[in-house]
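**Q** need a structure here:
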Amino acid sequence: MRHALWILLLSFGLVAIAQDNVQLTPVPPKPTCTLIFKTGPCADMWRNYQQALLQRQREEIQLYVNRQKELASSAATAPLQQQIADLSKLVSDQQGQIKKQQEQMQADTATALEGKSAAHREGLWQGSGIGAGAMLLLFLLIRLGRNFTITKKSQVTAA
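**A** Sure, this is the predicted structure:
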């Protein structure tokens, strides 16, 4: 069981090392001498080996924990990132619609100004025609009025 845990941690550690390029504490080779006394070169080699092994295991566990934190953080922020992407697309679409509506408003304004100008010209022509016709009619009435003379009737005296 302990070896399985060691292999599992080692494999996660190797994956983390490959991803993060972190320098882990080097573990010296396992001593081959038999530990008899608590002091001496064999005891020192065993102590150094165990300290390095424990330090390495701590580092690998820390890398594993950090990686799990990163994964949890990514999983937590993924929906928010999707929302941001969706909102950015919505903003972009709305800006496109605003631009199209501005262009349509400019086109409508130009058309309205052309229509107003045409109506103005037509009104001037109609007004000129009516004025000319009225002047002609007045001129004819004056001409005809000259031919007529007004005479007073003589008063008849009663007897």
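**Q** those strands in the protein, which residues are they?
**A** For the chain, applying DSSP state E gives no strands.
**Q** Now the longest helix along it: average pLDDT?
**A** Criterion DSSP state H: the longest helix present in the chain is helix 41-147. Averaged across helix 41-147, the pLDDT comes to 92.
**Q** how far is that helix from where the chain is centred?
**A** 8 Å (CA atoms, centre = their mean, to the nearest Å).
**Q** Tell me who's in contact with Trp46.
**A** By CB atoms under 8 Å, 6 or more residues apart in numbering, the contact list for Trp46 reads 31, 33, 35. In this view, the C-beta of every residue, glycine as well, is placed from N, C-alpha and C.
**Q** one more time with 7 Å, if that's ok
**A** By CB atoms under 7 Å, 6 or more residues apart in numbering, Trp46 lies in contact with 31, 35.
**Q** Against Glu59, how distant is it?
**A** Distance from Trp46 to Glu59, counting by CB to CB, to the nearest Å: 20 Å.
**Q** With Asp86 instead?
**A** In terms of CB to CB, Asp86 sits 40 Å off from Glu59.
**Q** of those two, who's got more company?
**A** In this view Asp86 and Glu59 are compared by other CB atoms under 10 Å, and Glu59 has more residues nearby, 17 against 10.
**Q** The more buried one reaches Gln23, doesn't it?
**A** No. Judged on CB atoms under 7 Å, Glu59 makes no contact with Gln23 at a distance of 9.2 Å.
**Q** What's the local residue count around Leu63?
**A** Neighbours of Leu63 (other CB under 10 Å): 21.
**Q** So it is in contact with Thr25, correct?
**A** No. Counting by CB under 7 Å, Leu63 stays clear of Thr25, with 11.9 Å between them.
**Q** Residues touching stretch 113-130, excluding its own?
**A** For stretch 113-130, using CB under 7 Å, 6+ apart, there are no contacting residues.
**Q** quick thing: my sequence starts at 18, can you match it?
**A** Renumbered: residue one is now 18, and that last one reads stretch 130-147.
**Q** Name the residues of that stretch that are buried.
**A** By neighbour count on 16 or more other CB atoms under 10 Å, the buried set for stretch 130-147 is empty.
**Q** Pull that stretch out as CSV, backbone CA atoms only.
**A** The C-alpha trace of stretch 130-147 is given here as CSV (Å, rounded to 0.1, in the frame of the first residue of the first chain):
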residue,chain,number,x,y,z
LEU,A,130,-33.5,66.5,-47.6
GLU,A,131,-33.7,65.6,-51.3
GLY,A,132,-37.5,65.3,-50.9
LYS,A,133,-37.7,68.6,-49.1
SER,A,134,-35.7,70.3,-51.8
ALA,A,135,-37.8,68.8,-54.6
ALA,A,136,-41.0,69.9,-52.8
HIS,A,137,-39.6,73.4,-52.4
ARG,A,138,-38.8,73.6,-56.1
GLU,A,139,-42.2,72.2,-57.1
GLY,A,140,-43.8,74.8,-54.7
LEU,A,141,-41.8,77.6,-56.3
TRP,A,142,-42.9,76.5,-59.8
GLN,A,143,-46.6,76.2,-58.8
GLY,A,144,-46.4,79.5,-57.0
SER,A,145,-44.8,81.2,-60.0
GLY,A,146,-47.5,79.7,-62.3
ILE,A,147,-50.3,80.8,-60.1
